[in-house]
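K.L.:
sequence plus predicted model, see below.
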Amino acid sequence: MSPPPSHDPLDGPAPEGRLSEALARLWAIMSGPDMARWRFRMAVAFAITLLAKGFSVAAPVAFGEGINILSRGLNLEGGPPAGAFWAAGGLIIAYGLLRFAATGVPQLRDALFSPVSNDAQRLTAVQAYAHVQSLSLTYHQTRRTGAVNKVIDRGANAVDYLLRFLVFNILPALAELLLAAAVAAVLYGWEFSVIIVTAVVSYAFITFQMTQWRVKIRRQMNEADTEVNARSVDALTNFETVKAFAAEVREAGRFDEAKTRYAKAAVKSEQSLAALNAAQAAIMNGGLLAVALLGVWMALQGRLEVGDIAALTLMLMQVYQPLNILGWAYREIKQASVDLERLFQVLRLKPEVADKPGAAALDITGGAVRFSGVSFAHDGRDRSVEAIDLDIPAGAFIGFAGPSGAGKSTLLRLLFRFYDPSTGRIEIDGQNIADVTQASLRGQLGLVPQDVVLFNTSLRENLLYGRPDADEAALWDAVTRARLKAFVDSLPLGLETRVGERGLKLSGGEKQRVGLARAILRDPPILILDEATSALDSRTEAEVQAAIAEAVRGRTTLAVAHRLSTIARADRLVILDGGRIAETGTHAELLARGGLYASMWAAQIEAGEAAPAVLAPAPSV
């Protein structure tokens, strides 16, 4: 049996997203070696933030003292002294400058910290993207691309949210509260410190409690949003299938169901936000009222001056200001914690097929392939291939045939080590492919699949994908040998023509020849043809088969074919049935035997599918 797939966090509920874990993740990212060059800038940015909070607390004190000087002067007999205007005015100007510094300095911090935040997001996204790319074929066959992209995108953005709201809002706001409480106690009375702290703590408590409730709603909304995105990408990517089955209305209905779930969650989120805002406003105004009334009472007792009341009111309003976004910031921090944890869950996934520690590079000396007792079963199947013993000499051309589901393509995937066999071993030139690096193994293999999938870039980039360093002469040689040159010459933009999503701007035959040209350009010692001519008409097939005949010379070739005429001249035919080797031999030997191959050949002759073979065999060794 094949190994069970790694648990995918996208299949389960969203993680709890503990803040302590998120902080540990954030610290690991920011303290990593890739971020070392930003350390000084990070420290300066945080110091600037704390400095801005000092300006913020000092501004009301300056304003209040200016009012006090003005009030004293107005109460003097004969009017205020000549210097009163300059004293009071100077403090009011200082208030304005301090206010400007308190609001302007954070803009300097944001400009200073912006490259740090963006680089942290980039590194996180690239690490996640590279890790997902490294996961095994089984994972990618069962994942929804839209959902994976969303997780990576949200996880990278979570780094910015945590830095912006936690490091540059919540922590500095706490510092401002402590500083304001200390200044109020020293200059105006400890009672005001109690009111300020009580109001802020009450504000924070109700905000956190209601936001916890709102986070659950928000999580439901995000899960519904992910489902909408995944369903949309899935349907749009496979639009040909949708149209072929006239399922446009059905897909629109499924999209509407997902959108409806999202809309209901969004309504709950907005209603809960209104309730939170009302509760916050009540606490805010209650604190201001308490400070004002206590200040009036103490002023009537002669313990405070008029300007002190103004200073306390401004100070409390200043402390309240960053709290205005506390609920939203806390929700974003909580959601960012969830998003970051989900991303790290993906990063913790282990590839089912992994290189052994210290694995060596594959050393090709001829290209001989051996399957020794190889068995493997896909998930949900009893068996895919079983007890396969097969020796393929270097330079030989081996054809594989058999009924659908017999295990032909599975053998090729095992050779690529997309899967590891449950029992047995596969060797190339005597080296177990499980003991060499996957990169070196696949670097020696060339593949022309049944369905050639191309990137939505130019023909040139798609052709060079297997060998990016190829020169222009080698590129055009591959194009010519794949019988693709006439087609390229007919295009206004030639090799710079974009091929569309998954190559949909090209016909099946054109894509097949692009795949063949890519394999020829790669020039591998072992060539894999998986139904490489199945999408071609008879005329095009004859051209491509001639190109293949040239391409396979001097290299080991394994070809899977439904149309038996395309492999009839192979050095050896291997006929699979039910995951086992049913028979093996040359075309003539198998026809004379009158077994499964002979019956398949007779059926194709009767159906007119077994035209004379074009492909010449590679020389046996």
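P.N.:
That came through, no problem.

K.L.:
Gly295 sits in which helix or strand?
P.N.:
helix 248-300 (DSSP states H and E).

K.L.:
and that helix, what does it pack onto?
P.N.:
Here helix 248-300 touches helix 190-237, helix 306-323, helix 326-347, going by 3 or more CB pairs under 8 Å, 6 or more residues apart in numbering; DSSP states H and E. No exception for glycine: its C-beta is placed from N, CA and C like everyone else's.

K.L.:
mind doing that once more with 6 Å?
P.N.:
helix 190-237, helix 306-323 (3 or more CB pairs under 6 Å, 6 or more residues apart in numbering; DSSP states H and E).

K.L.:
check contacts around the residue nearest to the spatial centre of the chain.
P.N.:
Central residue of the chain (CA atoms, centre = their mean): Ile152, 3.0 Å from the mean position. Contacts for Ile152 were tallied using CB atoms under 6 Å, 6 or more residues apart in numbering; they are Ala125, Ala128.

K.L.:
state the distance from it to Leu564.
P.N.:
Separation of Ile152 from Leu564 (CB to CB, to the nearest Å): 45 Å.

K.L.:
tell me the contacts of Leu573?
P.N.:
Leu573 touches Gly399, Leu590, counting by CB under 6 Å, 6+ apart.

K.L.:
which strand residues bridge it?
P.N.:
In this structure, Leu573 bridges to Gly399, Gly585 when assessed by DSSP bridges.

K.L.:
that one and Ile526, how far apart?
P.N.:
From Leu573 to Ile526 the distance is 18 Å (CB to CB).

K.L.:
so where is the protein shaky, pLDDT-wise?
P.N.:
1-19, 73-85, 136-147, 327, 331, 379-383, 533-541, 543-544, 550, 607-621 (pLDDT under 70).

K.L.:
how is it divided into domains?
P.N.:
What automatic domain parsing lists as the domains of the chain is 19-347, 451-523.

K.L.:
I'd like those domains as JSON lines, with distance to Pro393 appended.
P.N.:
JSON lines is the format used below for those (distance: least, CB to CB, whole Å):
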{"stretch": "domain 19-347", "distance to Pro393": "28"}
{"stretch": "domain 451-523", "distance to Pro393": "20"}
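
K.L.:
tell me which of the ones you listed sits nearest to Ala434.
P.N.:
Ala434 sits nearest to domain 19-347 of all the domains of the chain, at 13.6 Å, using CB to CB.

K.L.:
nearest to Ile548, out of the domains of the chain?
P.N.:
That would be domain 451-523 among those, by CB to CB, at 6.8 Å.

K.L.:
who touches the helix or strand hosting Ser375?
P.N.:
For Ser375, the element it lies in under DSSP H and E is strand 369-376. With contact meaning CB under 6 Å, 6+ apart, strand 369-376 is reached by 384-388, 390-392, 421-428.

K.L.:
buried ones only from the residues you listed, please, as a ChimeraX command.
P.N.:
The following ChimeraX line selects those of the contacts of strand 369-376 that are buried, judged by 16 or more other CB atoms under 10 Å:
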select :384,385,386,388,390,392,421,422,424,426,427,428
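
K.L.:
among the contacts of strand 369-376, which are in strands?
P.N.:
385-388, 390-392, 423-428 (DSSP state E).

K.L.:
state the pair within the residues you listed that is farthest apart.
P.N.:
So, the ones in strands among the contacts of strand 369-376 by CB to CB: farthest apart are Glu386 and Ile428, at 21.5 Å.

K.L.:
what number of residues lie near the spatially closest residue to Arg254 that is not a sequence neighbour?
P.N.:
Excluding its sequence neighbours, the residue lying closest to Arg254 (CB to CB, 6 or more residues apart in numbering) is Arg231, at 6.2 Å. Neighbour count for Arg231, taken as other CB atoms under 10 Å: 19.

K.L.:
ok, now Glu510?
P.N.:
For Glu510, the count of nearby residues is 21 (other CB under 10 Å).

K.L.:
which other residues reach the helix or strand harbouring it?
P.N.:
Assessed by DSSP H and E, Glu510 sits inside helix 508-522. Contacts to helix 508-522, defined as CB under 6 Å, 6+ apart, come from residues 446, 448, 452, 463, 466-467, 470, 478-479, 481-482, 484, 503, 535-536, 540, 551.

K.L.:
the residues you listed in strands, which ones?
P.N.:
Counting by DSSP E, the contacts of helix 508-522 contribute Gly446, Val448 to strands.

K.L.:
filter the contacts of helix 508-522 down to the ones in helices?
P.N.:
If you go by DSSP state H, those have Leu463, Ala478, Val479, Arg481, Thr540, Ala551 in helices.

K.L.:
from these, which is closest to Asp435?
P.N.:
Once CB to CB is applied, the member of these that ends up nearest Asp435 is Ala551, at 29.0 Å.

K.L.:
what's the closest non-adjacent residue to that closest one?
P.N.:
Ile520 (5.1 Å).

K.L.:
what is the burial count for that neighbour?
P.N.:
Neighbours of Ile520 (other CB under 10 Å): 27.

K.L.:
please tell me how far it sits from Leu454.
P.N.:
In terms of CB to CB, Ile520 sits 16 Å off from Leu454.

K.L.:
and Pro33, by the same measure?
P.N.:
37 Å.

K.L.:
same deal with Gly358?
P.N.:
Distance from Gly358 to Leu454, by CB to CB: 36 Å.

K.L.:
and the two? Which one has more around it.
P.N.:
Neighbour totals were compared for Gly358 and Leu454, and Leu454 leads with 24 against 7 (other CB under 10 Å).

K.L.:
make sure the more buried one is indeed in a strand.
P.N.:
No - using DSSP: H, G, I helix; E, B strand; the rest coil, the secondary structure at Leu454 is coil, not a strand.

K.L.:
quick check on it: phi, psi?
P.N.:
Backbone torsions for Leu454, taken as degrees, to the nearest 10, come to phi -110, psi 160.

K.L.:
show me the contacts for it.
P.N.:
Asn462, Val499, Gly503.

K.L.:
most neighbours among those residues, which one?
P.N.:
Of all the contacts of Leu454, Asn462 has the most neighbours under the rule other CB under 10 Å, reaching 24 neighbours.

K.L.:
which residue packs closest to that one, ignoring adjacent ones?
P.N.:
Closest to Asn462 by CB to CB, 6+ apart is Leu454, at 4.8 Å.

K.L.:
one more: Ala292?
P.N.:
In space, Ala292 is closest to Thr313, 6.2 Å off (CB to CB, 6+ apart).

K.L.:
counting neighbours, what do you get for the one you found?
P.N.:
17.

K.L.:
helices or strands next to the strand or helix carrying Leu558 in the packing?
P.N.:
According to DSSP H and E, Leu558 maps onto strand 556-560. With contacts taken as 3+ CB pairs under 6 Å, 6+ apart, strand 556-560 sits against strand 397-401, strand 526-530.
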